[in-house]
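[1] Could you look at this predicted model? Sequence included:
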Amino acid sequence: MDIEQFDYELPESLIAQTPLSDRSSSRLMTLNKHTGEIGHYQFRDLVHFVKPGDVLVLNDTRVIPARLIGRKRGGGAHVELLLLKQLEEDRWETLARPGRRLKKGAWIDFGEDAAGKPLLSAEVEEELPDGGRLVRFNYEGVFLEILDKLGQMPLPPYIREMLEDKERYQTVYAQHPGSAAAPTAGLHFTEGMLSQLRAQGVQIAFVTLHVGLGTFRPVSVQDITQHKMHAEYYSIPAETAQVLQEARTEGRRIIAVGTTSCRTLETAAQKFGDQPLQETSGWTDIFIYPGYQFRLVDGLVTNFHLPKSTLLMLISAMAGRENVMHAYAEAVKERYRFFSFGDSMFIY
């Protein structure tokens, strides 16, 4: 399957640079995956499309301020690290810029205390492809507290404006720190909307997938079937597994909020097959593209994605490539806001 089939033209003016002050006031396009029918609404209207008995699955990961800017020890050159994946203890897989300056054994220092001592240091233990570096951090105190003091929110490169409120790049239900990017489909929900959905009989369930670079890394091969996803950590608690199993048994809809929730659910479906779903965790590199048969997910709440991205391929697998590309052309025509801080789509 050729990557050019997932390309489209997007005016730069439609790339949302800032989030709306009211999360639920973004626009909502609905797309019927069977007929291709399109509708135009506001996000808060989602409550009219989700029915009693439906299960809405949210990714409760929390974005960490994963962008660190420091200096190479000895040379003083500025270095940027983006934390991608915690391996164990204080070892992290990172993306380094400029990577050529950071050979194995190099040290980077971040921040200073009152005595001029670095608040945080990192030793490069291994050089990885594409600017990746395996580093071990050295510090005194609590790592996440230090990171919160020194780190910046890792906004995507197409967002050039500073984010005034860091919490606006978190979902209102974010719980478990570990992501290098937000599960952006969930940014539209408010506590009020979630309460309204529960009140009308919709079950809300949570999974965790710590979003890494794998979700967003560009596809660099012409034949998309040759693309390899980077693994990301996921977890499904026992309570969620039970809710999902009951819904599957009773034939009720399971609606994933975001491609990360969708990939988590489909990973579990592949793992357990026809056996009852159970509490589970691990690493997933599942790549969903047209031809994939969904085992668990019936509907999807998602944002509008980059051309030629694995995310666009995933929603094309669910709704059909022609339906999706037609919907995107309609979104451009109607001047929807695209990408992380943009508008949303409900595929049903």
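    Okay, I see it.
[2] check contacts around K271.
    Contacts here follow Cβ atoms under 8 Å, 6 or more residues apart in numbering; on that basis K271 touches T280. Placement of C-beta: from N, CA and C, glycine included.
[3] any idea which helix or strand comes after the helix or strand hosting it?
    Here K271 is covered by helix 259-272, with elements defined by DSSP states H and E. Counting by DSSP H and E, the next helix or strand C-terminal to helix 259-272 is strand 280-284.
[4] and that next one, which strands flank it?
    strand 232-236 (antiparallel) (DSSP bridges).
[5] Please list the residues outside the strand it pairs with that contact it.
    Against strand 232-236 from outside (Cβ under 8 Å, 6+ apart): 85, 176, 178, 207-212, 214-215, 244, 260, 263-265, 267-268, 277, 279-285.
[6] Selection in ChimeraX covering whichever of those are buried, please.
    Here is the ChimeraX command that picks out the buried ones among the contacts of strand 232-236, judged by 16 or more other Cβ atoms under 10 Å:
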select :85,178,207,208,209,210,211,212,214,215,244,260,263,264,265,267,268,277,280,284
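[7] Let me know the helix or strand that A205 is in.
    Applying DSSP H and E as the criterion places A205 in strand 203-209.
[8] what comes into contact with that strand?
    53-61, 173, 175-176, 178, 183, 194, 197-198, 232-237, 239-240, 243-244, 247, 260-261, 263-265, 284.
[9] likewise stretch 9-23?
    Contacts of stretch 9-23 (Cβ under 8 Å, 6+ apart): 26, 43, 158-161, 163, 168-169, 172, 187-190, 307, 332, 335-343.
[10] Quick check: buried residues in it?
    L10, L14, I15, A16, Q17, P19, L20, R23.
[11] circling back to that earlier point, Provide the strand pairings for the strand holding A205, with the direction of each partner.
    strand 55-59 (parallel), strand 232-236 (antiparallel).
[12] neighbouring contacts of the helix or strand just after the first one?
    Tracing the chain C-terminally past strand 55-59 and defining elements by DSSP H and E, one meets strand 61-63 next. By Cβ under 8 Å, 6+ apart, the residues outside strand 61-63 that reach it are 153-154, 169-170, 174-183, 208-211, 260.
[13] mind listing which of those residues are in strands?
    H176, P177, G178, S179, T208, L209 (DSSP state E).
[14] so which pair among those residues is furthest apart in space?
    P177 and L209 (13.1 Å; Cβ to Cβ).
[15] residue furthest from the geometric center of the chain?
    A115 (39.1 Å; Cα atoms, centre = their mean).
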